[in-house]
Structure formats: C-alpha cells, structure tokens
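*Asks:* Sequence and predicted structure, then a few things I'm wondering about:
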Amino acid sequence: MKAFTVIDEPIPKWSYFSLAVNVFDATVAVVFAAISTFHGISLLDISITTEAGVYCIVLIYKFLILTCTQLDKEHYHCFLRVLREDFRYVCAEGAKYRKRFFENQLETWKVSLCSVIFTFGIAVGMGSFALVSLIFYLMTRTPGDGSQRPLLVPFWFFDLDFGKTPVYEIALNFSNFCFLTYAYNYVFMIQTQVVWVRQIATKADLVIWAIQDLLQDIHPATNEEEKVHYAELIKYRMREIVSQHHSMYTLMEAYAGVYKKLLMFEQKLCGPVVCLTAYCTAEKLDEGEFNAILLLLCGATVTLVFIPCYLCTFLGLKVKSISDACWNISFWNAGREIRPYLVLIMQRSLRPLPLQAPGFEEISIQTFSTKMTNAYSLFNMLRQTSI
C-alpha cells in the first residue's frame with residue numbers, strides 16, 4: 001500500500017518513484033501494443049491482430065487499476081481504519097470472539113499468500129517460456145535460414161527491425177520488465193481484494209456471533225425488576241450488533257467504490273480475452289508453432305477472473321446468513337423492543353451487494369460460467385470461419 005501511495009500514514013518518497021515507473025511502463029507498453037494491433041489490422045493478419053490486441057486490452061486494465069487506486073484513496077483509508085477498529089474490538093469488548101476471529105485472519109493470510117504466489121508465478125512462467133523459446137531457437141537455427149529470434153510480444157514500429165542487436169535485446173528485456181511490473185501491480189490489486197472481502201466476511205461473522213449470544217442468559221421475566229434488567233442487557237447487546245452491522249456495510253461500500261469499476265471491466269472483457277488467446281494459440285498450432293505464453297495467459301485470465309467471482313459469491317452468501325442467524329434465535333423470549341431491529345437487519349442483509357450497474361450482471365460464479373460459455377462459443381465460431 002505504501003508502494004501505491006494509498007497508506008493513511010506519511011508516504012515515503014520512494015513510493016512516488018514506484019508509481020511513476022508503473023505509469024511510464026504501462027504507457028509505453030500500451031502505445032507499442034496499439035501500434036502493433038493496427039499494423040496487424042492493416043495487413044489483415046488475424047494472428048498478429050489478436051495477439052497484440054489481447055496485450056493491449058490487458059495493459060489498458062493495468063491503467064484502470066492504477067487510476068482507480070489513485071482516485072479512491074479515501075476508500076483505502078476507510079478499509080485500514082475499520083481493520084484497526086476490528087482488531088481493537090476483538091482485543092477488548094469482543095474478547096470472547098478473539099480465537100475465532102484470528103482463525104479467520106489466518107485463513108485470510110493463507111488465501112492471500114496463494115494468490116500472490118500464483119500471480120507472480122504467471123509472470124515468471126512467461127519469462128521462462130521466453131527463455132526456453134530462445135534456447136530452442138539457438139539449438140535449431142542454421143546460419144542463413146532467415147529466421148528471427150523470438151519475442152514475447154509481437155512488437156512492430158514502422159521500419160525498426162526488432163530482430164537485430166541491440167533492438168532485440170532492448171525489446172526482450174522491456175517485455176520481461178512489463179510482465180514483472182504487471183504482476184507486481186496485479187498482486188497488489190488481487191491481494192488487497194482478497195483481504196478486503198475476507199474482512200467484510202469476518203465482520204459478518206462478528207455480527208452473527210453477537211446475534212447468537214444476544215439472548216444468552218435471557219429468560220422470561222418473572223417480575224418488573226428482572227424485566228428492566230433484561231431489557232437493558234438486550235439493549236446494550238443490540239447496540240453492539242447494530243454498530244458492527246453498520247460498520248460492515250461501510251466497509252462494503254468502500255470496497256464497491258474501488259473495485260466495482262474493475263469488476264465490470266473484467267466482466268465485459270474477460271470473455272474476449274480468453275477467446276482471442278485460445279484462438280491465437282490454436283492458429284499457431286495449425287502452423288506448427290506452440291505459443292506457450294498465450295496459453296499461459298489464457299489460463300491465468302480464467303483463474304484470476306474466477307477468484308473475484310468466487311469471492312463475491314462467498315460474500316453474498318455470508319451476508320445473507322445474518323438473516324438466518326436472526327431467525328434462529330429464540331426472539332420470543334425477549335420483549336418487543338428488539339423485534340424491529342431484527343427485522344431491519346434481516347431486510348438489509350437480504351439486499352444484493354452494491355456491485356451492480358445498469359447493463360451489467362451481478363458478480364458471481366454463475367455469471368463467470370456464462371461468460372466462459374460465451375467465450376467458448378465465440379472461439380468455435382472463429383475456428384469454423386475462414387478469415
């Protein structure tokens with residue numbers, strides 16, 4: 001968070017340099033990818049057009065991530081503030097929930113670590129495939145056969161020959177640097193998203209645990225003194241529940257403020273990216289060439305789009321389970337004063353997540369399945385069409 005200047009503490013000077021490098025790298029890469037895409041269109045070369053077009057879409061997404069990060073810093077500050085409040089709560093008033101709370105945090109750490117390893121593994125894999133293809137080229141080439149050394153990205157820039165030294169070395173190192181910085185940028189985005197969603201789910205658990213304990217040691221009153229005592233105790237517990245429930249929705253609104261635009265972008269373009277990478281890989285195989293980098297990018301796109309869809313589905317079910325917790329307590333043993341609060345909490349919990357926009361579907365595993373089915377249908381159509 002320091003590297004992307006969204007920490008709510010004094011930001012170190014090196015953070016601005018890191019951000020500037022990310023922006024410069026993305027700008028240069030998008031320009032080259034766009035030029036290569038238009039070059040492929042002018043030549044009516046579907047292979048170059050699809051491959052360069054995929055990289056152009058992916059790099060534009062990096063721009064969108066950087067833009068949302070910088071324009072929505074107050075939401076990140078809200079996330080950090082609520083995170084600290086939750087830790088203080090389980091160490092003080094909610095000490096009886098401490099063990100279960102930190103079990104959730106440990107699971108969050110494991111999931112976050114897996115997402116980081118996978119995302120960086122994609123970048124390392126692309127660089128490794130580029131190195132392997134270069135070694136294979138050096139082992140199989142013969143002098144004067146007219147072949148060129150392979151590049152990760154189909155660069156084209158007018159009369160510049162990317163197969164000659166030192167242009168080739170510059171382009172190869174720049175490609176590797178682009179993949180590493182993209183992975184660095186995406187790791188921040190996906191890891192923060194995992195922690196954010198898991199923290200909202202943990203707050204939902206805190207609300208559920210508090211609701212389950214709401215009527216603990218509460219019995220039908222036998223006299224006026226007991227009735228007053230039980231009413232004050234319920235009122236105190238209900239105040240904590242409503243406070244935690246409100247804090248959960250504050251955190252959820254902050255999450256939607258940052259990630260809704262990114263999730264909508266993924267929803268619209270994940271299908272075309274998967275389709276084009278698969279199509280270009282199949283076309284290369286027909287020509288006797290195996291493009292492992294595009295195949296890896298296709299698999300990475302499917303996985304990295306599935307993760308937020310799964311997280312949002314998990315979050316939606318977790319929030320709705322608050323309503324079930326309200327129904328499962330023995331509310332008939334308490335007075336009428338808590339019933340309006342329970343009804344309000346149940347109705348609020350049954351509302352959809354604030355991750356919807358006109359013209360878009362909800363973010364869920366079902367939507368992900370639909371998009372992948374559409375991508376496969378489009379892939380089959382392109383393969384059966386002579387272009």
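*Replies:* That came in fine, so what should we check first? Numbering: from 1, shown residues only.

*Asks:* in what helix or strand does the closest residue to residue 2 other than its chain neighbours lie?
*Replies:* The shortest distance from residue 2 to any residue that is not its chain neighbour, by Cβ to Cβ, 6 or more residues apart in numbering, is 5.2 Å, and that residue is residue 15. Backbone N, C-alpha and C define where each C-beta goes, glycine included. Taking DSSP states H and E as the criterion, residue 15 maps to helix 13-43.

*Asks:* just checking, what packs against that helix?
*Replies:* Packed against helix 13-43 by the contact rule (3 or more Cβ pairs under 8 Å, 6 or more residues apart in numbering; DSSP states H and E) you find helix 46-71, helix 167-212.

*Asks:* Quick check: mean pLDDT of the helix or strand just after the shortest one?
*Replies:* Okay, so that is helix 46-71. Proceeding N to C from helix 46-71, the next assigned helix or strand is helix 73-90, under DSSP H and E. Confidence for helix 73-90, expressed as mean pLDDT, is 91.

*Asks:* With stretch 196-203 instead?
*Replies:* Averaged across stretch 196-203, pLDDT comes to 93.

*Asks:* contacts for it?
*Replies:* Residues lying outside stretch 196-203 but in contact with it, judged by Cβ atoms under 8 Å, 6 or more residues apart in numbering, are 79, 82-83, 86, 101, 104-105, 107-108, 111, 244, 247-248, 251-252, 255, 259, 311-312, 314-315, 318-319.

*Asks:* for residue 10, phi and psi?
*Replies:* According to degrees, to the nearest 10, the main-chain angles of residue 10 amount to phi -50, psi 120.

*Asks:* Quickly note the distance from it to residue 2.
*Replies:* Between residue 10 and residue 2 the computed distance is 10 Å (Cβ to Cβ, to the nearest Å).

*Asks:* Which of these two has more residues huddled nearby?
*Replies:* More neighbours surround residue 2 than the other of residue 10 and residue 2, with 13 against 6 (other Cβ atoms under 10 Å).

*Asks:* Pass me the low-pLDDT residue ranges in the protein, would you?
*Replies:* Scanning the chain for pLDDT under 70 picks out 144-147, 218-222, 333-335, 386-387.

*Asks:* which residue is nearest the centroid of it?
*Replies:* Centroid-nearest residue in the chain, with Cα atoms, centre = their mean: residue 190, separated by 4.0 Å.

*Asks:* what residues are up against that residue?
*Replies:* The neighbourhood of residue 190, defined by Cβ under 8 Å, 6+ apart, consists of 115-116, 119, 304, 307-308.

*Asks:* Spatially, which two of those residues are the most separated?
*Replies:* Among these, the pair separated by the greatest distance (Cβ to Cβ) is 116 and 308, at 15.2 Å.

*Asks:* Looking at the two now, which is surrounded by more residues?
*Replies:* Neighbours per residue (other Cβ under 10 Å) separate residue 116 from residue 308, with residue 308 holding more: 22 against 17.

*Asks:* Tell me what angle whatever helix or strand the more buried one lives in forms with helix 167-212.
*Replies:* Per DSSP H and E: residue 308 is located in helix 292-328. Angle between the axes of helix 292-328 and helix 167-212 is 10 degrees (criterion: axes from the mean of the first three to the mean of the last three Cα atoms, to 10 degrees).

*Asks:* helices or strands next to helix 292-328 in the packing?
*Replies:* The elements that helix 292-328 packs onto, with contact taken as 3+ Cβ pairs under 8 Å, 6+ apart, are helix 46-71, helix 98-140, helix 167-212, helix 224-286, helix 339-349, helix 365-384.

*Asks:* Go ahead and confirm residue 195 touches residue 107.
*Replies:* No - the criterion here is Cβ atoms under 8 Å, and residue 195 misses it with residue 107 at 11.3 Å.

*Asks:* Give me the common contacts of those two.
*Replies:* Common neighbours of residue 195 and residue 107, using Cβ under 8 Å, 6+ apart, do not exist here.

*Asks:* Look at the two and report which has more neighbours.
*Replies:* For the pair residue 195 and residue 107, the greater number of neighbours falls to residue 195 (18 against 12), based on other Cβ under 10 Å.

*Asks:* Return the residues in contact with the more buried one.
*Replies:* For residue 195, the contacting residues are 108, 112, by Cβ under 8 Å, 6+ apart.

*Asks:* Residue 177 too?
*Replies:* Contacts of residue 177 were listed using Cβ under 8 Å, 6+ apart, and they are residue 25.

*Asks:* So it versus residue 28, what's the distance?
*Replies:* As judged by Cβ to Cβ, residue 177 and residue 28 stand 10 Å apart.

*Asks:* Please identify every residue contacting each of the two.
*Replies:* Counting by Cβ under 8 Å, 6+ apart, residue 177 and residue 28 have no shared contacts at all.

*Asks:* Need the CA coordinates for stretch 229-237. CSV is fine.
*Replies:* Extracted as CSV, the C-alpha positions of stretch 229-237 are listed here (Å, rounded to 0.1, in the frame of the first residue of the first chain):
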residue,chain,number,x,y,z
HIS,A,229,-32.6,-5.7,33.8
TYR,A,230,-33.1,-8.0,30.8
ALA,A,231,-34.3,-5.0,28.6
GLU,A,232,-31.2,-3.0,29.4
LEU,A,233,-28.9,-6.0,28.8
ILE,A,234,-30.6,-6.7,25.4
LYS,A,235,-30.4,-3.0,24.5
TYR,A,236,-26.7,-2.9,25.2
ARG,A,237,-26.0,-6.1,23.2
